[in-house]
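Enquirer: 3D, please:
(one chain, ligands or ions: 1)
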Amino acid sequence: MNMIKSSRFAGKVAIVTGGVSGIGAAITLRLLSEGATVVAFDIAAGAVESFSAIHAGSGLHLQAHVVDVADAEGVQAAVAAVVAEHGRLDIVVPNAGIASPGTAADVSLEGWNAVLGVDLNGVFHTMRFTLPHLVATRGSIVTTASISGLGGDYRLAAYNAAKGAVVNLTRSVAVDFGKQGVRVNAVAPGPALTEGLRQWLEAAPHVRDAYSENIPLGRLAAPEEIASVVAFLASDDASYITGTTIAVDGGLTSWTGQPH
Ligand code: NAD
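Expert: Modelled structure (predicted):
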């Protein structure tokens, strides 16, 4: 099946981390559908294999590789391999993320380090090793932050801290690289109906009801609704936007949180 629906990214090469499931998979497919060559980096070997198998023969320019974004040397080597093979890099989406429960008083040290290692250091490594190539093409980075980087969610101290840092790292890199033509922005998704969240909601239907009640648009996001904003920010349609974080949250962060 030929899924290409526009040529906005024809000739462009993209890296999407965490790019074979959930929001990352939707971003990968969206960029592919607009003509990009996309290389997904993901730690989950089985998911990398099945995502590649599902889309083999689709005519899309997709590659997926096992890469741990927390491993600086691994990211450096993987980025070098992409540029060696494709000759350029235009779009980078540091999207891989994990969470570990706990307040600052009781989150395990292991959980804290794991979340900071993937959600913050992983974004840093991905930016660090791709920036020289993005300068060459006047390319663009779109990070996946979270509304948890704009405010605090209960019992997610490590995740809130990491995502808040991603929002400001995004600004920092935008400031440093703007004059070299590299734009850097973030999306801050609200709850998006990925497989992980779907399983949780099945086990806890009251949470789904609370979401419906509290989200002004009355429903969760589809991953594709996050991906479309990433594609906008990565495209020339957003040519004068840099350093910005766009909340894609159905209005959730516009609500004060007061009882209703
Ligand atoms: P997901 O678990 O469905 O997908 C995350 C992907 O990242 C997986 O394929 C996983 O294997 C990969 N990954 C995890 N650790 C990795 C590592 N060290 N190196 C490389 N890949 C790794 O999650 P998702 O819900 O699609 O989340 C994607 C991003 O969106 C994350 O940064 C998450 O924090 C953010 N986010 C999600 C939601 C939501 O409601 N789903 C809301 C706000 C923000």
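Enquirer: count of residues packed around residue 162?
Expert: The number of residues packed around residue 162, counting by other Cβ atoms under 10 Å, is 29. For glycine as for every other residue, the C-beta is placed from the backbone atoms N, C-alpha and C.
Enquirer: tell me who's in contact with the residue nearest the centre of the chain.
Expert: Nearest residue to the geometric centre of the chain (Cα atoms, centre = their mean): residue 95, 2.4 Å. Going by Cβ atoms under 8 Å, 6 or more residues apart in numbering, residue 95 touches 16, 17, 18, 19, 23, 24, 27, 143, 144.
Enquirer: please tell me how far it sits from the ligand.
Expert: 5 Å (Cβ to the nearest ligand atom, to the nearest Å).
Enquirer: in CSV, list the contacts of residue 95 along with neighbour count.
Expert: CSV is the format used below for those (neighbours: other Cβ atoms under 10 Å):
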residue, neighbour count
16, 34
17, 30
18, 28
19, 32
23, 28
24, 29
27, 32
143, 28
144, 28
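Enquirer: what is the burial count for residue 199?
Expert: The number of residues packed near residue 199 is 10, by other Cβ under 10 Å.
Enquirer: who are the packing partners of the longest helix along the chain?
Expert: Longest helix in the chain, counting residues (DSSP state H): helix 157-177. Judged by 3 or more Cβ pairs under 8 Å, 6 or more residues apart in numbering; DSSP states H and E, helix 157-177 is in contact with helix 109-115, helix 121-137, strand 140-144, strand 183-189.
Enquirer: Throw those into TSV and include mean pLDDT and distance to the ligand, thanks.
Expert: Below are the helices and strands packed on helix 157-177 laid out as TSV (pLDDT from 0 to 100; distance: least, Cβ to the nearest ligand atom, whole Å):
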stretch	mean pLDDT	distance to the ligand
helix 109-115	98	9
helix 121-137	99	6
strand 140-144	99	4
strand 183-189	99	4
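Enquirer: adding distance to residue 10, write the ones you listed out as CSV.
Expert: Formatted as CSV, the helices and strands packed on helix 157-177 follow (distance: least, Cβ to Cβ, whole Å):
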stretch, distance to residue 10
helix 109-115, 37
helix 121-137, 14
strand 140-144, 15
strand 183-189, 19
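Enquirer: out of those, which is closest to residue 156?
Expert: The closest of these to residue 156 is helix 109-115. By Cβ to Cβ, the value is 8.9 Å.
Enquirer: check the offset of that closest one from the chain's centre.
Expert: The chain centroid and the centroid of helix 109-115 are separated by 20 Å under Cα atoms, centre = their mean, to the nearest Å.
Enquirer: buried ones in that helix?
Expert: The neighbour-count check on helix 109-115 (16 or more other Cβ atoms under 10 Å) flags 111, 112, 114, 115 as buried.
Enquirer: again with stretch 154-165
Expert: Under 16+ other Cβ under 10 Å, the buried positions of stretch 154-165 are 156, 157, 158, 159, 160, 161, 162, 163, 164, 165.
Enquirer: contacts only, for the second one.
Expert: This means residue 157. By Cβ under 8 Å, 6+ apart, the neighbours of residue 157 are 102, 103, 104, 107, 112.
Enquirer: which of those are buried?
Expert: 102, 107, 112.
Enquirer: returning to that earlier point: of all the contacts of residue 95, which comes closest to residue 169?
Expert: Distance to residue 169, by Cβ to Cβ, is smallest for residue 143 among those, at 7.6 Å.
Enquirer: contacting residues around the residue nearest to that closest one when sequence neighbours are not counted?
Expert: Once flanking residues are discounted, residue 143 sits nearest to residue 186: 4.4 Å by Cβ to Cβ, 6 or more residues apart in numbering. Counting by Cβ under 8 Å, 6+ apart, residue 186 touches 142, 143, 144, 145, 149, 166, 167, 170, 244, 245, 246.
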